[in-house]
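Student: missing the sequence, but the structure's below:
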């Protein structure tokens, strides 16, 4: 009887090991905090203003610089939703150069995790961009005040994009390409720590 009991317990224990190992391998909720840099092309054009409030061609001599560097950070939280799929949320905040004073936003993510731990995802959310109108049109500081060009200095709209994250040792490297309302093009790279 002891032999039968020992054999049964051993067999049950052996069959439970793969289940326990699989449970340990299953991805848990991941929090990633990191820094990112990028370039945001605002896609701004004066064509929509010529012939309007300012008259035909009056703005043609302005030197438009609608691309700016961005420097900041992000926080992302991802939840496994079955198999290799995950869903998550992300927030970002950046200071800018050139015509961008700052930008910040939040988005939802949906993606696929490879067996090696890399993530490929699409995201959608909302983004706010604070614009420096004086740098946008190539003029000195404080020549224009908010609204004087017929535009608001804060632009906000929906954000859509795609991205990839690759684990390297204890950090994750990432790259994203986004657009705000399909009018702008924003590329960024970053490095983060997972918790």
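Tutor: In hand now; what should we look at? As the structure is a prediction and not an experimental result, all values here were calculated from the model. Numbering: from 1, shown residues only.

Student: Could you pull out the buried residues of stretch 164-175?
Tutor: Residues 165, 172, 174 are the ones in stretch 164-175 that count as buried (16 or more other Cβ atoms under 10 Å). Using the backbone N, CA and C atoms, a C-beta is placed for each residue, glycine as well.

Student: Which residues does that stretch contact?
Tutor: 32, 34, 36, 116-121, 163, 187-194 (Cβ atoms under 8 Å, 6 or more residues apart in numbering).

Student: so for that stretch, what's the average pLDDT?
Tutor: Stretch 164-175 shows a mean pLDDT of 95.

Student: For beta bridges, what are the partners of residue 31?
Tutor: Here residue 31 sits in beta bridges with residue 77, going by DSSP bridges.

Student: what about it, how many neighbours?
Tutor: 13 (other Cβ atoms under 10 Å).

Student: Surely residue 28 forms part of a strand?
Tutor: No - applying DSSP: H, G, I helix; E, B strand; the rest coil, one finds residue 28 to be coil, outside a strand.

Student: Tell me who's in contact with it.
Tutor: Taking Cβ under 8 Å, 6+ apart, one finds residue 80 in contact with residue 28.

Student: which stretches of the protein form strands?
Tutor: 30-41, 67-82, 85-96, 100-113, 119-131, 154-168, 171-180, 185-194 (DSSP state E).

Student: tell me which helix or strand of this structure sits lowest on mean pLDDT?
Tutor: helix 2-25 (a mean of 45; mean pLDDT, DSSP states H and E).

Student: Does residue 86 touch residue 113 like I think?
Tutor: Yes - checked against Cβ atoms under 8 Å, the pair residue 86 and residue 113 is within contact range at 5.8 Å.

Student: Can you tell me how far residue 179 is from residue 185?
Tutor: 6 Å (Cβ to Cβ, to the nearest Å).

Student: again, but for residue 41
Tutor: 5 Å.

Student: Contacts only, for residue 128.
Tutor: Contact analysis of residue 128 by Cβ under 8 Å, 6+ apart lists 103, 104, 105, 154, 155, 156.

Student: I meant to write residue 116 there.
Tutor: Residue 116 neighbours (Cβ under 8 Å, 6+ apart): residue 167.

Student: How about residue 118, nearest residue that isn't a chain neighbour?
Tutor: Spatial nearest neighbour of residue 118, excluding adjacent residues (Cβ to Cβ, 6 or more residues apart in numbering): residue 166 at 4.8 Å.
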